[in-house]
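Trainee: here are the coordinates; sequence isn't available:
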Ligand code: NAD
Ligand code: 0WE
């Protein structure tokens, strides 16, 4: 059912081998899809190219999601090279480090703007850019990654929680508008995983420990488990699901006490 043979996908958010987006890239490739990966800066280009060498016939393209020109160029190149797109994985998030360590009330206007621009508005901009490519294929599936810090407070998650709330709301508005074009839009809300985005977050190990202790499944979520859920949401197996935020957190969110 989670078949992607002959499908073309764009994956934004691979930084290294521990990236959730990389786990998704491997899973969709194993299910038969052809993948385009992006890198946000020259600094990360080599990383992404090295990883992509493990894929079959990948496209590797630049895209800083905070830059409209980059997004337009990306869509034009995909249009030329692939002639259409079946799915998009949005795994980009960023807030300036100070905003994740200072008290939330101290968040500057500029740090707030950057966090919401890169982590939430980018889904809207990318969705608009790929919409014509997906329409040409008779529809598509858009998937983003979020965290429960959107609706509950985690120490230091701060403005990223606000950005994730905007991202999840954007999923619902996009799903409503793009549904008639048979473009589905969903999010996976993953439990904490030790990726680059988690490195250097003070107290991250204790968050992992609390999840392990309290989640009904009694363990932390693994990259491959998030990737399998992503495969479902990107494939026709989920064809009646849109506007959804799927919790992939070992059941942590259901526990009250
Ligand atoms: P990661 O660091 O591997 O991925 C984050 C990616 O965002 C990186 O590839 C980075 O290059 C990219 N990015 C940042 N700014 C960008 C820009 N301007 N343009 C383009 N790309 C940019 O970490 P990850 O944990 O795999 O994060 C992927 C997604 O999963 C994020 O949205 C994150 O919020 C979400 N998430 C992570 C966890 C976790 O615990 N690791 C849990 C739930 C959700
Ligand atoms: O979304 C995230 C983290 C995203 C992120 C990480 C960084 C670190 C480096 C965004 N911007 C930056 N900026 C940097 O300079 N997660 C879901 C992982 C995460 O981060 C936390 C968490 C969890 C979980 C921060 C505090 C508390 C919990």
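Mentor: Alright, I've got the coordinates. Keep in mind that this is a model prediction, so the values were computed, not measured. Ligands and ions are numbered 1, 2, ... in the order given.

Trainee: use CA for all of it now, contacts and neighbours both
Mentor: OK.

Trainee: mind checking pLDDT for the residue in the stretch 151-257 of the chain that ligand 1 sits nearest to?
Mentor: The stretch 151-257 of the chain approaches ligand 1 most closely through residue 192 (3.2 Å), counting by C-alpha to the nearest ligand atom. Confidence at residue 192, expressed as pLDDT, is 98.

Trainee: now do residue 200
Mentor: At residue 200, pLDDT is 82.

Trainee: not counting sequence-adjacent ones, nearest residue to the residue of the stretch 151-257 of the chain closest to ligand 1?
Mentor: Using C-alpha to C-alpha, 6 or more residues apart in numbering and skipping residues adjacent in sequence, the residue nearest residue 192 is residue 208, 6.3 Å away.

Trainee: quickly note the distance from the one you found to residue 194.
Mentor: 8 Å (C-alpha to C-alpha, to the nearest Å).

Trainee: and if you look at residue 156?
Mentor: Counting by C-alpha to C-alpha, the gap from residue 156 to residue 194 is 16 Å.

Trainee: check residue 78 too.
Mentor: Residue 78 is 31 Å from residue 194, by C-alpha to C-alpha.

Trainee: and the helix ranked longest in the chain, what's buried?
Mentor: Longest among the helix segments of the chain by residue count, using DSSP state H, is helix 158-178. For helix 158-178, burial by neighbour count (16 or more other C-alpha atoms under 10 Å) applies to 158-168, 170-172, 174-175, 178.

Trainee: tell me which strands whatever helix or strand comes next after that helix pairs with, and in which orientation.
Mentor: Once the chain leaves helix 158-178, the next helix or strand it forms, by DSSP states H and E, is strand 183-190. When sheet partners are counted by DSSP bridges, strand 183-190 sits next to strand 140-146 (parallel), strand 245-248 (parallel).

Trainee: end to end, how far does stretch 99-114 reach?
Mentor: Start-to-end, stretch 99-114 (C-alpha to C-alpha) is 10 Å.

Trainee: so does that stretch get close to ligand 1?
Mentor: No. In terms of C-alpha under 6 Å from any ligand atom, no part of stretch 99-114 sits within range of ligand 1; the closest distance is 9.0 Å.

Trainee: quick one: residues in contact with that stretch.
Mentor: Outside stretch 99-114, the residues that touch it by C-alpha atoms under 8 Å, 6 or more residues apart in numbering are 94-96, 156-160, 201.

Trainee: cool, and stretch 229-242?
Mentor: 1-4, 24, 27-28, 87, 141-143, 175, 179, 184-186, 188, 248.

Trainee: coming back round to it: got phi/psi on the residue of the stretch 151-257 of the chain closest to ligand 1?
Mentor: Main-chain torsions, residue 192, degrees, to the nearest 10: phi -60, psi 140.

Trainee: contact partners for it?
Mentor: Contact analysis of residue 192 by C-alpha under 8 Å, 6+ apart lists 207-208, 211, 220-221, 249.

Trainee: highest neighbour count among those residues?
Mentor: residue 249 (26 neighbours; other C-alpha atoms under 10 Å).

Trainee: could you verify my assumption that it touches residue 222?
Mentor: No. Assessed by C-alpha atoms under 8 Å, residue 249 is found out of contact with residue 222, at 9.5 Å.

Trainee: next one: the spatially most central residue of the chain relative to ligand 2, how far apart?
Mentor: With distances taken as C-alpha atoms, centre = their mean, residue 91 lies nearest the centre of the chain, 2.5 Å away. As for residue 91, its distance to ligand 2 is 9 Å (criterion: C-alpha to the nearest ligand atom, to the nearest Å).

Trainee: not counting its neighbours along the chain, what's nearest that residue?
Mentor: Once flanking residues are discounted, residue 91 sits nearest to residue 13: 4.4 Å by C-alpha to C-alpha, 6+ apart.
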